[in-house]
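S.K.: the following block contains a protein sequence and its predicted model.
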Number of protein chains: 2
Amino acid sequence: MSKAETILQGAMQEFLAKGYSAASMDRVAAAAVVSKATVYSHFGDKETLFKALVAQMAQQRMRSILSRLDYSLDPRLAMRQLFMEGMDDCCKNPEFHDFQRILIGESGRFPDLAKTFVIHMSKPGIESLTRYFERSSVFNFPDPEAISRIVVGAIVHFGMTQYVMHGKEIIPMESDRLVDALELLLFNN
Amino acid sequence: MSKAETILQGAMQEFLAKGYSAASMDRVAAAAVVSKATVYSHFGDKETLFKALVAQMAQQRMRSILSRLDYSLDPRLAMRQLFMEGMDDCCKNPEFHDFQRILIGESGRFPDLAKTFVIHMSKPGIESLTRYFERSSVFNFPDPEAISRIVVGAIVHFGMTQYVMHGKEIIPMESDRLVDALELLLFNN
DNA sequence: GTCTATATCGTGATAGAC
DNA sequence: GTCTATCACGATATAGAC
């Protein structure tokens, strides 16, 4: 593994755990088992390192979201499968929870990072589902993109409330119930 | 205005703009036009001040969410009105965007604050809409609470993507389209 | 390229006068 | 209760030896 990769890995630990401002370059170096000067020679400063890290994480996540839709399956099954996988992504992945925390938390001071996330994750996700609605003869939505947004929003927000915001015990709900309800709405029972 | 209120107002400025870690007690004192020692004499330390501030903001927001549902209206109109108001809350309110950023951003290190938000805002919102679904004879959802979550999630996530995450220009969409689509799904045409 | 050692500054928090 | 002045610390960033 190259030194730059090692540093990024150390940075991931530190930034995901502490957020941008509270993260310490000392601890980044320590986690990467490298001197602090080495960190600064590879990435110019804290902000640059942070942006490189987020770009890398977004890229990794992007792969997993593409070509999730199986056009050969029965639409009802294809949707169920997609919703389930989306739920797992949003719910069973503590590292992704931290990623959301830091991205949203810093979206005020790092708007470009937030936009990168929207461009590489939200947009492709919404668009591929929209295309599926348009192409499948089962659906006849007057505004497929709006429906797509409702579906994605419902799933993402569920993971957000239950896990990122620790609402799991306060307003408990099995993710299957949300998937069933989505199916009911989309297929009109 | 009492000194405690003055301090909280200064703290709001600083914390909403910078987040928890990057916020400076010096600047809080400066914004409140008070000495730093005065801040510390009223609120013991930075963490306590932060929690007091979030509690106050949550309480203020809570009021606006209660009793939003008009049972005397035609369900279709009542829903439209509710969705529109929810959209405005989530979209047209920069201060709320910052509030979401900080709450979510710090939900890892301040889980109690996140839970407070869920208890006082998410839960009542979802429950009151669920009750409406249950009581209105127009709807016959097998799982009203799940439907309620879909609706709330779709609206909150829309504001999140378009405004908090600056996706407005990247994946543009009028909020009316989402409201129309929600109506279509709920009323089954 | 990588290290050790250091410069410089802003931070949270407090002591003590009034 | 409120101020001024200050402390001890850890932060980002860099200089210079190897």
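M.R.: Perfect, thanks for sending it. Just so you know, these numbers come straight off a predicted model, no measurement behind them.

S.K.: DNA strand C contacts on chain A?
M.R.: For chain A, the residues in contact with DNA strand C (C-beta under 7 Å from any atom of the strand) are A:3, A:34, A:35, A:36, A:37, A:38, A:41, A:42. In this view, the C-beta of every residue, glycine as well, is placed from N, C-alpha and C.

S.K.: hmm, try it at 6 Å
M.R.: A:3, A:34, A:35, A:36, A:37, A:38, A:41 (C-beta under 6 Å from any atom of the strand).

S.K.: check those residues one by one and keep those near DNA strand D.
M.R.: Applying C-beta under 6 Å from any atom of the strand, the subset of these adjacent to DNA strand D comprises A:36, A:37.

S.K.: now, of the residues of chain A next to DNA strand C, which are buried?
M.R.: residue A:34 (16 or more other C-beta atoms under 10 Å in any protein chain shown).

S.K.: now, among the residues of chain A next to DNA strand C, which is nearest to residue A:71?
M.R.: Ranked by distance to residue A:71 (C-beta to C-beta), the residues of chain A next to DNA strand C are led by residue A:3 at 43.5 Å.

S.K.: got the contact list for that closest one?
M.R.: Counting by C-beta atoms under 8 Å, 6 or more residues apart in numbering or on different chains, residue A:3 makes contact with A:34, A:38, A:42.

S.K.: out of those residues, which are close to chain B?
M.R.: Near chain B, judged by C-beta under 8 Å from any C-beta of the partner chain, there are no entries from the contacts of residue A:3.

S.K.: residue with max distance from the center of chain A?
M.R.: Relative to the centre of chain A, and counting by C-alpha atoms, centre = their mean, the farthest-placed residue is residue A:37 at 32.0 Å.

S.K.: secondary structure element for that one?
M.R.: Under the criterion of DSSP states H and E, residue A:37 resides in helix A:36-42.

S.K.: equivalent analysis for residue A:83, please.
M.R.: helix A:75-91.

S.K.: what helices or strands is that helix leaning on?
M.R.: Under the contact criterion of 3 or more C-beta pairs under 8 Å, 6 or more residues apart in numbering or on different chains; DSSP states H and E, helix A:75-91 touches helix A:144-159, helix A:175-187.

S.K.: is the first one in proximity to chain B?
M.R.: Yes: applying C-beta under 8 Å from any C-beta, one finds helix A:144-159 touching chain B at A:145, A:146, A:147, A:149, A:150, A:152, A:153, A:154, A:155, A:156, A:157, A:158.

S.K.: neighbouring contacts of that helix?
M.R.: Outside helix A:144-159, the residues that touch it by C-beta under 8 Å, 6+ apart are A:83, A:86-87, A:89-91, A:97, A:122, A:125-127, A:129-130, A:133-134, A:141, A:173, A:175, A:178, A:182, A:186, B:149-150, B:152-158, B:161, B:173, B:177-178, B:180-182, B:185.

S.K.: thinking again about what came up before, kindly calculate the angle that the helix holding residue A:83 makes with helix A:144-159.
M.R.: 40 degrees (axes from the mean of the first three to the mean of the last three C-alpha atoms, to 10 degrees).

S.K.: need the contact partners of helix A:75-91.
M.R.: Contacts of helix A:75-91 (C-beta under 8 Å, 6+ apart): A:64-65, A:68-71, A:73, A:96, A:129, A:132, A:136, A:138-139, A:151-152, A:155-156, A:158-160, A:162-163, A:175, A:178-179, A:182-183, A:186-187.

S.K.: so who does the nearest residue to residue A:135 once chain neighbours are set aside touch?
M.R.: Excluding the flanking residues, the one nearest residue A:135 by C-beta to C-beta, 6 or more residues apart in numbering or on different chains is residue A:71, at 7.5 Å. Residues in contact with residue A:71, defined by C-beta under 8 Å, 6+ apart, are A:78, A:132, A:135.

S.K.: same thing with residue A:38?
M.R.: So residue A:38 contacts A:3, A:7, A:29 (C-beta under 8 Å, 6+ apart).

S.K.: how does it look with 6 Å?
M.R.: Going by C-beta atoms under 6 Å, 6 or more residues apart in numbering or on different chains, residue A:38 touches no other residue.
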